[in-house]
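Visitor: Here is a sequence with its predicted model. Questions after.
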Amino acid sequence: MIQDKPDKGRRQNRKATEPPLFQGRRAPVADNPGHDQTGARIRVVIEGVQPEIDCGRFPAKRVVGDHVTVEADIFTDGHDALAARLLYRAEHQSEWRETAMEPLVNDRWRGVFQVTELTDYHYTVQAWVDRFMSWRQGFSKKVAAKQDVALELVEGAELVGEAARRATGTDAEMLAGYAAALRSSDADAGRKAVDDELAALMSTYSEHRWPAIYEKELRVAVDRQKAEFSSWYEMFPRSCAAEPGRHGTLQDYTARLPYVAEMGFDVLYVPPLHPIGRSFRKGKNGALTTSPDDVGSPWAIGSEEGGHKSIHPRLGTLADFKQLLAKANEHNIEIALDIAFQCTPDHSYVKEHPEWFRKRADGSIQYAENPPKKYQDIYPIDFETHDWQALWEELKSVMLFWCEQGVRIFRVDNPHTKAFRFWEWAIAEVKKDHPGTLFLAEAFTRPKVMYRLAKLGFSQSYTYFTWRNTKRELTQYFTELTRTEVAEFFRPNLWPNTPDILPEYLQYGGRPAFMARLILAAMLGANYGIYGPAFELAVNAPREPGSEEYLDSEKYQIKQWNIESPESLRGLIARVNRIRKANPALHRNHSLRFYPVDNEDIICFGKQTNDRNNVILVVVNLDPHHTQSGWVELELADLGLDPAQPFQMHDLLTDARYLWHGARNYLSLDPNVVPAHVFRVRHGLRREQDFDYFM
């Protein structure tokens, strides 16, 4: 049996300390002997830098291989020309790398760098008055005005000569030649002065005199690719037994992996697999009275058999868990383990560390409540305890323990009920030793709290998608998630159902509602998940009218699922996941756009790759009861389409092909057949034989 004891060894020496209020550093001073430390002669202003999360308090987020686009407002007094560069480095690097920034409009500048390592990156912006380009602009204007430019040529020659002395090799020789040409009375000197080759050389060797440097050093937190794109499936191990009524094991769970892989999921989320307490154990449907065969809630963690570092003995052993990880890897599936930092009255923490829990006036420990709900079988942890350092260290050791077994994804239960500073510290500590670890925040709470958790380090986050049903609600919400600053730090993971949530739309919409919500979740979000087999079997009976709890919830009992049912949606789910994997446009959220439809029950949206080689258009009937039709209006230029040419729409769900003309096109969707189109847009067709379609 694995005992719940704090880790011994080198990590125990890494004392828990609260994260500082501000972790950013001042930007570097330019390595230039002419830099004015007082700033008196610095004329350039740098402001409005983006991305910059909460004034630089938190990092933006990217995945390995991404390009980071940085923009800033850069300007100066007068009419001098400017030059700007983006400075960046990986966390472990001491030297800055640089790339030129280009002017856009209205004093806005842009630069781009690529993140190639699984670490934090730092970046800032530097700009200065470009003396050569300022001279070149003035020179060109005087030439155009047919003014005498003899002195200007001498001044230009001095600037080029100074650059020649800074250069080496062939570049130095070329610059010296240009300087000599400008000093000469050669009739060709004026053309030489505005030569593009000279401008390119001077951009490299001009003096960066009195540069301005942005006052903050900003950060980008880089995760592995799965943080950006993943398909999750949740399944209870104890309900995987082949024989009715038997408590499933991790070996049974492992045997179910081909079923999960067949549907195309790459993350299998395991609810807590720890021993379950006996005290105040909940019965079927959350009843307060129990029978001897009631198995309790997996989230009621801790008994005499162990706690957060133990496996429920009826599920198996640590060796069985490692076998699960190995077999899952063979199916290209990662195991995501639930982290629920809460205890039953039977947990060893309660006996050994009663100071980690909040006391009521009568001296009893406060159990969890969400009125009118009461969770007598769960004691929440008190993060205001005077013994907070020991508490933090112990909870960190739980995550590190499972990392050492091979887990690299954690789904964290109710992180919003734990201290913000703890999560910032703990996630950073885990990533020091295991930088590829991902954390999904299960926090259905107020928006600012959800966003704060994402800023603190959670890789992905549950969302309000579960309750956004109308076109207006979906459009507004996903515009916020993908078209505002939120997209820089918050990665949504969309779930149409969970063991806790059977939304009203699924209760009353029947099978068509399940199909529609699957397609919406999988296409709107690069990360999505379902709780199964309840989802693919379209289980929609609530515990009572008005409740989002399932009748005979799997949280409190073992379920026997008929996964071979001919009514299962597993075939559709598999097709949807194949579409997702085959189309890079669906691997990101940044390109999401909504398009008008003259019917409020039909929503239309699209995604595309930057090069527009992969363009996906999705149309969904939001009414699960009736056929709906309408006219879709596309922005053809936005989709890379020629308005003078027809284009083919290949429905990846049904394999049907349609020929569309122009921006407005008609469609009709029967929810009882397939409530959606997922079109791959084919453009650039010119000849009749190019069109492969049928109606």
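Guide: It's in.
Visitor: OK, contacts around the residue nearest to the spatial centre of the chain?
Guide: Nearest to the mean C-alpha position of the chain, counting by C-alpha atoms, centre = their mean, stands Arg491 at 2.9 Å. Counting by C-beta atoms under 8 Å, 6 or more residues apart in numbering, Arg491 makes contact with Lys61, Ala227, Glu228, Ala454, Ser459, Gln460, Ser461, Ala526, Asn527, Asn589. The C-beta positions use only the backbone N, C-alpha and C, and glycine is treated the same way.
Visitor: how about 7 Å then?
Guide: Taking C-beta atoms under 7 Å, 6 or more residues apart in numbering, we find Arg491 in contact with Lys61, Ala227, Glu228, Ser459, Gln460, Ser461, Asn527.
Visitor: Counting neighbours, what do you get for the residue nearest to the third one when sequence neighbours are not counted?
Guide: Right, Glu228. For Glu228, ignoring the flanking residues on the chain, the nearest one in space by C-beta to C-beta, 6 or more residues apart in numbering is Val63 at 4.6 Å. Other residues within reach of Val63, judged by other C-beta atoms under 10 Å, total 20.
Visitor: Any idea what Val63 is bridged to?
Guide: Asp223 (DSSP bridges).
Visitor: surely it meets Ala227?
Guide: Yes - counting by C-beta atoms under 7 Å, Ala227 is a contact partner of Val63 at 5.6 Å.
Visitor: rewinding a little: quick one: residues contacting the residue nearest to Glu228.
Guide: With C-beta under 7 Å, 6+ apart, Val63 has these contacts: Val222, Asp223, Arg224, Gln225, Ala227, Glu228.
Visitor: and if we set it to 6 Å?
Guide: Asp223, Gln225, Ala227, Glu228 (C-beta atoms under 6 Å, 6 or more residues apart in numbering).
Visitor: Please tell me how far the second one sits from Gly245.
Guide: Going back to what we said before, that points to Gln225. 42 Å (C-beta to C-beta, to the nearest Å).
Visitor: Which of the two has more residues huddled nearby?
Guide: Using other C-beta under 10 Å, the more surrounded residue of Gln225 and Gly245 is Gln225, with 12 against 8.
Visitor: ok, and the closest non-adjacent residue to that one?
Guide: Val63 (5.2 Å).
Visitor: Is there a neighbour count for Leu69? I'd like the number.
Guide: For the record, residue 69 is Thr, not Leu. So Thr69, with other C-beta under 10 Å, has 12 neighbours.
Visitor: tell me the SS of it?
Guide: Following DSSP: H, G, I helix; E, B strand; the rest coil, Thr69 is assigned to strand.
Visitor: thought it was touching Gln114?
Guide: No - in this structure, Thr69 is not within contact of Gln114 by C-beta atoms under 6 Å, at 10.6 Å.
Visitor: before we move on, back to that, could you measure from the residue nearest to Gln225 over to Ala441?
Guide: 17 Å.
Visitor: need the contact list for His274.
Guide: With C-beta under 6 Å, 6+ apart, His274 has these contacts: Ile301, His308, Ser310.
Visitor: Spatially nearest residue to it (excluding sequence neighbours)?
Guide: Ile301 (4.7 Å).
Visitor: same question, Ser279
Guide: Pro345 (4.1 Å).
Visitor: any chance you could read off phi and psi for the one you found?
Guide: phi -60, psi -20 (degrees, to the nearest 10).
Visitor: before we move on, which element is Val45 in?
Guide: Following DSSP states H and E, one finds Val45 within strand 44-50.
Visitor: which outside residues touch that strand?
Guide: Contacts of strand 44-50 (C-beta under 6 Å, 6+ apart): Glu71, Ala72, Asp73, Ile74, Phe75, Thr76, Val125, Ala127, Ala212, Tyr214.
Visitor: Serialize these to JSON lines and add fields for neighbour count, distance to Met133 and secondary structure.
Guide: Output for the contacts of strand 44-50, formatted as JSON lines (neighbours: other C-beta atoms under 10 Å; distance: C-beta to C-beta, whole Å; DSSP: H, G, I helix; E, B strand; the rest coil):
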{"residue": "Glu71", "neighbour count": "18", "distance to Met133": "21", "secondary structure": "strand"}
{"residue": "Ala72", "neighbour count": "23", "distance to Met133": "18", "secondary structure": "strand"}
{"residue": "Asp73", "neighbour count": "15", "distance to Met133": "19", "secondary structure": "strand"}
{"residue": "Ile74", "neighbour count": "25", "distance to Met133": "14", "secondary structure": "strand"}
{"residue": "Phe75", "neighbour count": "15", "distance to Met133": "15", "secondary structure": "strand"}
{"residue": "Thr76", "neighbour count": "18", "distance to Met133": "12", "secondary structure": "strand"}
{"residue": "Val125", "neighbour count": "25", "distance to Met133": "18", "secondary structure": "strand"}
{"residue": "Ala127", "neighbour count": "25", "distance to Met133": "12", "secondary structure": "strand"}
{"residue": "Ala212", "neighbour count": "21", "distance to Met133": "16", "secondary structure": "strand"}
{"residue": "Tyr214", "neighbour count": "23", "distance to Met133": "21", "secondary structure": "coil"}
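Visitor: and of these, the nearest to Leu572?
Guide: Nearest to Leu572, judged by C-beta to C-beta, of these is Glu71 at 41.7 Å.
Visitor: quick one: contacts for the closest one?
Guide: Gln50, Arg110.
Visitor: and it, what are its bridge partners?
Guide: Gln50, Arg110.
Visitor: domain parsing for this structure?
Guide: Split into domains by automatic domain parsing, the chain comes to 25-130+209-218, 132-205, 232-342+383-469+476-567, 593-690.
Visitor: so how far is Thr463 from Ala199?
Guide: 49 Å.
Visitor: let me fix that: Thr417
Guide: Taking C-beta to C-beta, one finds Thr417 at 18 Å from Thr463.
Visitor: which one of these two has more residues nearby?
Guide: Thr463 (26 against 16).
Visitor: Is it correct that Ile501 is in contact with Glu548?
Guide: Yes - assessed by C-beta under 6 Å, Ile501 is found in contact with Glu548 at 5.2 Å.
Visitor: Let me see the residues that make contact with stretch 387-400.
Guide: Counting by C-beta under 6 Å, 6+ apart, residues outside stretch 387-400 touching it are Pro6, Asp7, Ala16, His308, Phe341, Glu355, Trp356, Thr385, Phe422, Ala426, Glu429, Val430.
Visitor: Please, which helix or strand holds the closest residue to Phe490 other than its chain neighbours?
Guide: Computed as C-beta to C-beta, 6+ apart, the closest residue to Phe490 that is not its neighbour in sequence is Ala454, at 4.3 Å. Element membership for Ala454 (DSSP H and E) is helix 447-456.
Visitor: Tell me what angle the strand holding Val45 forms with strand 67-76.
Guide: 150 degrees (axes from the mean of the first three to the mean of the last three C-alpha atoms, to 10 degrees).
Visitor: Buried residues, strand 44-50. List them.
Guide: Val44, Ile46, Val49, Gln50 (16 or more other C-beta atoms under 10 Å).
Visitor: chain center to that strand: distance?
Guide: With C-alpha atoms, centre = their mean, to the nearest Å as the basis, strand 44-50 stands 26 Å off its chain's centre.
Visitor: Just the CA trace of that strand, in CSV.
Guide: The C-alpha coordinates for strand 44-50 follow below in CSV (Å, rounded to 0.1, in the frame of the first residue of the first chain):
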residue,chain,number,x,y,z
VAL,A,44,11.5,57.6,-28.6
VAL,A,45,8.3,56.5,-26.8
ILE,A,46,7.3,52.8,-26.6
GLU,A,47,3.8,52.0,-25.3
GLY,A,48,0.8,49.8,-25.9
VAL,A,49,2.8,46.6,-26.2
GLN,A,50,0.8,43.5,-26.9
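Visitor: tell me the average confidence for it?
Guide: The average pLDDT within strand 44-50 is 98.
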